[in-house]
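In: Need coordinates for the following:
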Amino acid sequence: MQKPTPDTPKQPIETKDKNRYAKAVQGGQTILSEGGSKADAARAIYRLIHDEHREVVLRAFIEGADVTLKGAPTYYYNISRKFRKQKAD
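Out: Residues are numbered from 1 along each chain as shown. As a prediction, the model looks like this:
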């Protein structure tokens, strides 16, 4: 087996439910087009696909909430923290 190097491309992680992923991305884009913020769009996306792998959620943030590649992990961290806190209450 070949050892991965920094130049070796990673295989993208597939979504569990492609329809739900597409609905989440579309919902985020709708919120943005109606004048909502990127954070509002990202929260709506996270609510729909919070049980997906982190990489899938980050990709949805980039596609549906117009978040940058560097900003997506920050949105993920902040939103997932609030989500877990609300779920615990």
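In: Could you list the buried residues of the helix or strand of the chain with the lowest mean pLDDT?
Out: For the chain, counting by mean pLDDT, DSSP states H and E, helix 72-88 ranks last in confidence among helices and strands (a mean of 92). Going by neighbour count (16 or more other Cβ atoms under 10 Å), the buried part of helix 72-88 is 72, 75-76, 79. To be clear about C-beta, it is placed using only N, CA and C from the backbone, and glycine gets the same treatment.
In: Wait, residue 64 touches residue 24, no?
Out: Yes. At 6.3 Å, residue 64 and residue 24 qualify as touching, with contact defined as Cβ atoms under 8 Å.
In: Identify the contacts common to these two.
Out: Here residue 64 and residue 24 have residue 45 as joint contacts, going by Cβ atoms under 8 Å, 6 or more residues apart in numbering.
In: Of all the residues in the helix or strand hosting residue 22, which ones are buried?
Out: Residue 22 belongs to helix 18-33 when assigned by DSSP states H and E. By 16+ other Cβ under 10 Å, the buried positions in helix 18-33 come out as 21, 24-25, 27-29, 31-32.
In: what's the following helix or strand after that helix?
Out: helix 38-49.
In: name the helices or strands packed onto the following helix or strand past that following helix?
Out: The first helix or strand that comes after helix 38-49 along the chain, using DSSP H and E, is helix 54-64. Judged by 3 or more Cβ pairs under 8 Å, 6 or more residues apart in numbering; DSSP states H and E, helix 54-64 is in contact with helix 18-33, helix 38-49, helix 72-88.
In: Could you export helix 54-64 as CSV, CA atoms only?
Out: Only the C-alpha atoms of helix 54-64 are listed here, as CSV (Å, rounded to 0.1, in the frame of the first residue of the first chain):
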residue,chain,number,x,y,z
ARG,A,54,-17.9,17.3,8.8
GLU,A,55,-16.4,17.5,5.3
VAL,A,56,-19.8,17.1,3.7
VAL,A,57,-21.2,19.9,5.8
LEU,A,58,-18.3,22.2,5.0
ARG,A,59,-18.8,21.6,1.3
ALA,A,60,-22.5,22.4,1.7
PHE,A,61,-21.6,25.7,3.5
ILE,A,62,-19.3,26.6,0.6
GLU,A,63,-21.8,25.8,-2.1
GLY,A,64,-25.0,26.9,-0.3
